[in-house]
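**Q** quick one: sequence plus predicted model below, questions after.
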Number of protein chains: 2
Amino acid sequence: MSRDICIYQEFLTPAHQEAIRAAAGETGFTPHFFTLDQFDQARECLQHCEVLYAHSVDLLRAAPETLKWYCCSFAGVDPYCQDDGIFKNPDCLLTNSNVYGVTIAEHVVMVTLMLLRRMPEYEAVVRERGWSNQLPIRSIRDNEFTILGTGNIGNHVAERMRGMGAARITGLSRSGRAREGIYDEVLPISELDRVLPRTKILVMALPGTAETIHILNRRRIALLPGDAYVINVGRGTAIDQAALKEALDGGKLAGAALDVMAPEPLPKDDPLWGTKNLILTPHVSGNMTLGYTCNENVRLFCEDLKNYAAGRPLNGCVDRKKGY
Amino acid sequence: MSRDICIYQEFLTPAHQEAIRAAAGETGFTPHFFTLDQFDQARECLQHCEVLYAHSVDLLRAAPETLKWYCCSFAGVDPYCQDDGIFKNPDCLLTNSNVYGVTIAEHVVMVTLMLLRRMPEYEAVVRERGWSNQLPIRSIRDNEFTILGTGNIGNHVAERMRGMGAARITGLSRSGRAREGIYDEVLPISELDRVLPRTKILVMALPGTAETIHILNRRRIALLPGDAYVINVGRGTAIDQAALKEALDGGKLAGAALDVMAPEPLPKDDPLWGTKNLILTPHVSGNMTLGYTCNENVRLFCEDLKNYAAGRPLNGCVDRKKGY
């Protein structure tokens, strides 16, 4: 019986397809490629496939009980970790693609600098063809960061801030542990209340789980210093948005940059729009970049395909109960 | 006879004044502090001063022949290098303050990412409360940089791009030499034509001299690939702005970010406003940041004050003929 892979992706170049064909050939698989406008064809093909490489809740729901591995090309897999029978095969492996650390970290560096350097205000000056340049600005150099979530994203952010001369970088993780040599200090998330008062820039990069909902609540926002900035690239549910808006509009915080919100898309009449000193972006931080992210995504899939065929553990494996 | 220093600055905190008083005390000087609204008082005091620490063409013109050292708190000293008798004492020492590399490099990182990540377009989406996020974006990681001018600014830019995973960083300087270990390759500026076609991000950080005027002219702009970006934080005169505008509006370049223009302020009716894929900022890249830049400025002045008193060469010395 042939072993088939259903691949439902938009970003693959001919070189990427070639790499996948080569890895599949080596391991006795046949890949079937579909673009996002070929949903029906992909669903039909999927019925005899053992592996799916995609990022589609709808397609996964249409998969047969015989699907053994779903490789999600995104990093955030919360939609696949709800116990609602989305997997017909309860033992189906789920992997995510942890290749977004670089692009998300570049987004974080960008918005951190835009906040510190008052860029939204200068852009307003320029839109009026004005010329004023005396706003006090701040620097990454010698500044103090707290990174909530020390996974792939948090690590890449910390490395970049370190390279730009940050004075202190504190990492917070569930276990209180993280990769060596990146953070000045790593603490368990239970220490968050103690760390917030000394935080100048809070970067939030947590997965969406029951424990992270509204982790930055009204009480904790009040623990941050008045000149602090908040940046969220994890999940929108991690912040009490009403409380954040109040703090920003009331000048209790210097600014914030949210790339994730609840809900998404943010409704046109949501009070968050138009909040003072708030940079909103429509969930773009983890967008694949031409080149690096796409290449890495394919490379990791091919690597795990070889692991899968050889019966070895998969690098990107997600614990569906924990949600990450 | 007392040896006096006239200090005409806005940014000094009490701690900075204390540091200057201490350095002056050690070396037998008396500092006199004036804020920018005390021009007349500063001018009067200056008549019996040996040293001036300021950034004011007008005040320098009012200095007596007995002024021996003008420490400019800015990095760009082109206004002081024109042979028009601005110095009554032809042997007066001129030093500049090379402390802006950090803040200017942070600006360059910010605008580079804003260009690569299509931020002006996403900001337009957000102003309309929209939600679309499918623009192809690019990354600093694996990208190719050319840095025109390998002084303090260029070095700090290169270090940051290297830290973020740039694939290749070529430095261009008058001498073809630069600090070791920062650039993949350093070439003389005469090689510019050969380097432009392989440049994806051109960062210009040149001083304003006769040789740098329109160094990026129409012919050279055409040598850049169509997906290249141009960033200028040196002097506006280095670019043929009409040719740049044409290339951007015609889609011959991916984008540009100019923090310096000719003239400044840019007139309300200048054709440069509203150019496609152009980020303009009103000469803010070298703004002092709260903390680092201010502290360094004072530290360097105090260090050179001790050098001056001891008859040693000054660190910040500028060759008034060369202009840097």
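**A** Alright, I've got the coordinates.
**Q** state the distance spanning the first to the last residue of stretch A:57-74.
**A** End-to-end distance of stretch A:57-74 (Cα to Cα, to the nearest Å): 12 Å.
**Q** what's the answer for stretch A:2-16, then?
**A** Start-to-end, stretch A:2-16 (Cα to Cα) is 22 Å.
**Q** that stretch - what's its average pLDDT?
**A** Stretch A:2-16 carries an average pLDDT of 95.
**Q** now stretch A:164-174
**A** 97.
**Q** centre of the chain to it, how far?
**A** Relative to its chain's centre, stretch A:164-174 lies at 18 Å (Cα atoms, centre = their mean, to the nearest Å).
**Q** list the buried ones in it?
**A** For stretch A:164-174, the buried set under the neighbour-count rule, 16 or more other Cβ atoms under 10 Å in any protein chain shown, comprises A:Met164, A:Gly165, A:Ala166, A:Arg168, A:Ile169, A:Thr170, A:Gly171, A:Leu172, A:Ser173, A:Arg174. C-beta: built from backbone N, CA, C; applies to glycine.
**Q** cool, stretch A:270-283 as well?
**A** Neighbour-count burial for stretch A:270-283 [16+ other Cβ under 10 Å]: A:Asp270, A:Leu272, A:Trp273, A:Thr275, A:Asn277, A:Leu278, A:Ile279, A:Leu280, A:Thr281, A:Pro282, A:His283.
**Q** check whether it comes near chain B.
**A** Yes - using Cβ under 8 Å from any Cβ of the partner chain, stretch A:270-283 reaches chain B at A:Trp273, A:Leu280, A:Thr281, A:Pro282, A:His283.
**Q** from these, which land in strands?
**A** A:Leu280 (DSSP state E).
**Q** how about the strands in the stretch 51-200 of chain A?
**A** Secondary structure of the stretch 51-200 of chain A, counting by DSSP state E, counting those that start in this stretch: strands at A:51-54, A:69-72, A:93-95, A:144-148, A:168-173, A:185-188.
**Q** tabulate the ones you listed in a markdown table, adding columns for distance to chain B.
**A** Below are the strands of the stretch 51-200 of chain A laid out as a markdown table (distance: least, Cβ to the nearest Cβ, whole Å):
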| stretch | distance to chain B |
| --- | --- |
| strand A:51-54 | 17 |
| strand A:69-72 | 18 |
| strand A:93-95 | 23 |
| strand A:144-148 | 11 |
| strand A:168-173 | 14 |
| strand A:185-188 | 21 |
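**Q** closest to B:Leu12 out of those strands?
**A** Evaluated with Cβ to Cβ, those place strand A:144-148 nearest to B:Leu12, the distance being 24.1 Å.
**Q** mind checking the pLDDT average for the closest one?
**A** Mean predicted lDDT for strand A:144-148 stands at 98.
**Q** need the contact list for the residue nearest to A:Asn277 when sequence neighbours are not counted.
**A** With Cβ to Cβ, 6 or more residues apart in numbering or on different chains as the criterion, A:Asn277 has its nearest non-adjacent residue at 3.8 Å, and that residue is A:Gly255. Contact partners of A:Gly255, counting by Cβ atoms under 8 Å, 6 or more residues apart in numbering or on different chains, are A:Leu115, A:Tyr229, A:Val230, A:Leu248, A:Asn277, A:Leu278, A:Ile279.
**Q** out of those residues, flag the one nearest to A:Leu266.
**A** Nearest to A:Leu266, judged by Cβ to Cβ, of the contacts of A:Gly255 is A:Leu278 at 11.5 Å.
**Q** any idea how far that closest one is from B:Ser175?
**A** With distances taken as Cβ to Cβ, to the nearest Å, A:Leu278 is found 47 Å from B:Ser175.
**Q** picking that back up, of the buried residues of stretch A:270-283, which is the nearest to A:Cys81?
**A** Of all these, A:His283 has the smallest distance to A:Cys81: 18.7 Å, by Cβ to Cβ.
**Q** show the contacting residues for the closest one.
**A** Contacts here follow Cβ under 8 Å, 6+ apart; on that basis A:His283 touches A:Asp259, A:Val260, A:Met261, A:Glu264, B:Asn133.
**Q** for the residues you listed, which one is nearest B:Glu44?
**A** Distances from B:Glu44 to the contacts of A:His283, taken by Cβ to Cβ, are shortest for A:Asp259, at 55.2 Å.
**Q** tell me the SS of the residue nearest to A:Asn307 when sequence neighbours are not counted?
**A** Closest residue in space to A:Asn307, ignoring its immediate chain neighbours: A:Leu314 at 5.3 Å, by Cβ to Cβ, 6+ apart. Secondary structure for A:Leu314, judged by DSSP: H, G, I helix; E, B strand; the rest coil, is coil.
**Q** same thing with A:Ser285?
**A** Following three-state DSSP, A:Ser285 is assigned to coil.
**Q** list the contacts for it?
**A** Contacts here follow Cβ under 8 Å, 6+ apart; on that basis A:Ser285 touches A:Thr103, A:Ile104, A:His107, A:Val108, A:Val233, A:Asp259, A:Val260.
**Q** run through the bridge partners of A:Glu144.
**A** For A:Glu144, the beta-bridge partners are A:Arg168 (DSSP bridges).
**Q** who touches it in this structure?
**A** A:Ala166, A:Ala167, A:Arg168, A:Ile169, A:Thr170, A:Arg198, A:Thr199, A:Lys200, A:Ile201 are the contacts of A:Glu144 under Cβ under 8 Å, 6+ apart.
**Q** what sits against the residue nearest to the second one when sequence neighbours are not counted?
**A** Yep, that's A:Ala167 we're talking about. The shortest distance from A:Ala167 to any non-neighbouring residue, by Cβ to Cβ, 6+ apart, is to A:Asp142 (4.7 Å). Applying Cβ under 8 Å, 6+ apart, we find A:Asp142 in contact with A:Gly165, A:Ala166, A:Ala167, B:Gly291, B:Tyr292.
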